[in-house]
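Trainee: Using only what follows, build the 3D model:
(one chain, ligands or ions: 1)
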Amino acid sequence: MATHVDSLDIPKIPFLVGQTREERQEFLRTTAQGHWLAKNDIGYNVITYESVMGVLRDKRWHSATGLVAQIRGVTDEQFLSRRRVSILNAEGDVHVRLRRLVAPAFSPRSADRLRPFMQEVINSLVDPIAARGHGEFIAEVCEPYPIPIICELLGAPKDDWQFFSRVATDVLRVFSEDMAQQLHVIIAAQDELNAYSRTLIEQRRAIPRDDLLTDLISAEEAGDKLTTEELEMMVEAVIVGGTDTTRNQLGLAVALFAQHPHQWEQLANDPSLAPRAVEETMRYIGAVGGTVRFASEDIEYNDIFFPKGTFMSVSMSSGNFDTNVFPEPEVFDITRPPVGQPQLSFGAGIHYCLGASLARAELQEALVILSQRLPKLELDGDPEYKPSSVGIFGPSRLPIRCEPGH
Ligand code: HEM
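Mentor: Next up, the predicted model:
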């Protein structure tokens, strides 16, 4: 008979305001060592690679990302009902149907067709820093990088980049700690974005092109198609899922390489290392370190009973340091031999990152070009990081210097 989770004697994760990502990691690696499960303030936390995979692949654990708004004090029904139909937190048949319809449009082949454009964008952004030999990498490169790519992906014209950038900034306030106070700005931006998407959808219905929106419009399975509202939701999901994640992951990667100059040089000399460099960076420090689930029914897992409603934090970042899977996890090594099990920073199971191929392509193209154009990369002062409590983590300031003129 399974043991009730409340009766277990397991470590408790202290949630300290202002706690850094390193302090949290340190706790998970030391105090919680030997345990796959720990307690936290609102429920439990899976820590090991196997248990993280176990929960993410178990369909009885439903996404709780849509509940984050309520936890942060949002009560506006109009706002909450919009979020419930997003692919990011839909469940069951609704999610399966959406995912089946949209997945082919996010294939590695679709991402590959944007690689030349990614190279163009990253080269133009890095030109001033490469010439000067120093700069603030977040504002100059990370912040602007994803927007033109998302626009190109969707087929939005260059003239609309500014509009997209502004609306995306406001829509992305859903990740801020004070989102309840920012709700009117978020809702206004969502409305503007939906109106814009509707026009773009009408245009693509009239004249199809070679872009994601056209692919999504024509996506069909057994006579089923996405409605206009679902297409609008997908545009928003691409912005919410694909903008801040990519820019923070790139900032984390460059901060890490600035402290590992030999590997930066290795990558510059051998661009075929790019895919491994991206996986190792994301294993070592992911922009999305964890996600949240709740038990949609009573669940028995690993001989433990979790009553319906149990809240579960899923710590991909500690799973990525599990010594049973990644030997010497604290060593950052882009030539690490593949272990046959993926790093966890794109999640796993039915909500596995839909944009993973695109994100991989964006990061691979960026890192190769940056390693060649920013030789002798170094930190030019201490980086500043966002608080560890935000959903998407990364540096907020990253001053760098390098050998100029490349
Ligand atoms: C390095 C960059 C990225 C990281 C670290 C990342 C991480 C993740 C993670 C961890 C999840 C699963 C969340 C969960 O299970 O609760 C996810 C889902 C998702 N991501 Fe990404 N992501 C990245 C880039 C992108 C890009 C570029 C796009 C869009 C083009 C995107 C779109 C999505 C969508 C739509 C989902 C929801 C999928 C579903 O629920 O079926 N992501 N991402």
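
Trainee: so what's the residue positioned nearest the centre of the chain closest to, chain neighbours aside?
Mentor: Centroid check for the chain by C-alpha atoms, centre = their mean gives Thr245 as the closest residue, at 3.9 Å. Residue nearest to Thr245 in three dimensions, not counting chain neighbours: Ala287, with 5.3 Å by C-beta to C-beta, 6 or more residues apart in numbering. Backbone N, C-alpha and C define where each C-beta goes, glycine included.

Trainee: what's the distance between that neighbour and Ala168?
Mentor: 16 Å (C-beta to C-beta, to the nearest Å).

Trainee: Ok, Val141 next?
Mentor: 17 Å.

Trainee: Quick one: name the residues of the stretch 1-150 of the chain near the ligand.
Mentor: Residues of the stretch 1-150 of the chain lying close to the ligand by C-beta under 6 Å from any ligand atom are Ser63, Thr65, Ile87, Leu88, Arg99.

Trainee: out of those, what pair is the most spread apart?
Mentor: For these, the maximum inter-member distance is 15.3 Å, found between Thr65 and Arg99 (C-beta to C-beta).

Trainee: name the element the residue nearest to Thr245 belongs to?
Mentor: Using DSSP states H and E, Ala287 sits in no helix or strand.

Trainee: Report the contact partners of it.
Mentor: Asp244, Thr245, Thr246, Asn248, Gln249, Leu252, Ser345, Ile392, Phe393, Gly394 (C-beta atoms under 8 Å, 6 or more residues apart in numbering).

Trainee: Intersect those residues with the contacts of the ligand.
Mentor: Thr245, Thr246, Gln249, Ser345.

Trainee: how about the helices of the stretch 251-400 of the chain, start to end?
Mentor: 261-269, 274-284, 316-319, 356-373 (DSSP state H, counting those that start in this stretch).

Trainee: hang on, the earlier thing: quick one: which of the residues of the stretch 1-150 of the chain next to the ligand sit in helices?
Mentor: Arg99 (DSSP state H).

Trainee: among the residues of the stretch 1-150 of the chain next to the ligand, who's most crowded?
Mentor: Ser63 (22 neighbours; other C-beta atoms under 10 Å).

Trainee: That residue and Asn89 touch, don't they?
Mentor: Yes: contact criterion C-beta atoms under 8 Å: Ser63 and Asn89 qualify, at 4.6 Å.

Trainee: OK, contacts around whatever residue of the stretch 251-400 of the chain ends up closest to the ligand?
Mentor: Proximity of the stretch 251-400 of the chain to the ligand (C-beta to the nearest ligand atom) peaks at Gly355, 2.0 Å away. With contact set as C-beta under 8 Å, 6+ apart, Gly355 has these partners: Phe106, Val238, Gly241, Gly242, Thr245.

Trainee: Kindly recompute the last result at 7 Å.
Mentor: Gly355 makes contact with Phe106, Val238, Gly241, Gly242, according to C-beta atoms under 7 Å, 6 or more residues apart in numbering.

Trainee: how about the residues of the stretch 301-406 of the chain near the ligand?
Mentor: So far as C-beta under 6 Å from any ligand atom goes, the stretch 301-406 of the chain lies against the ligand at Ser345, Phe346, Gly347, His351, Cys353, Leu354, Gly355, Leu358, Ala359.

Trainee: would you turn the residues you listed into a markdown table with distance to Leu212 and pLDDT?
Mentor: Below are those laid out as a markdown table (distance: C-beta to C-beta, whole Å; pLDDT from 0 to 100):
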| residue | distance to Leu212 | pLDDT |
| --- | --- | --- |
| Ser345 | 23 | 97 |
| Phe346 | 19 | 98 |
| Gly347 | 21 | 97 |
| His351 | 19 | 95 |
| Cys353 | 15 | 97 |
| Leu354 | 11 | 96 |
| Gly355 | 10 | 97 |
| Leu358 | 9 | 97 |
| Ala359 | 14 | 98 |
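
Trainee: Take these and, keeping just the buried ones, write it as a ChimeraX select command.
Mentor: Listed next is the ChimeraX selection for buried residues among those, using 16 or more other C-beta atoms under 10 Å:
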select :345,346,347,351,353,354,355,358,359
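
Trainee: Between all of the residues of the stretch 301-406 of the chain next to the ligand, which two are separated the most?
Mentor: His351 and Leu358 (16.2 Å).

Trainee: Of the contacts of Gly355, grab the buried ones for PyMOL.
Mentor: Listed next is the PyMOL selection for buried residues among the contacts of Gly355, using 16+ other C-beta under 10 Å:
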select buried, resi 106+238+241+242
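
Trainee: you'd agree Glu140 is up against Ala130?
Mentor: No: counting by C-beta atoms under 7 Å, Glu140 stays clear of Ala130, with 10.7 Å between them.
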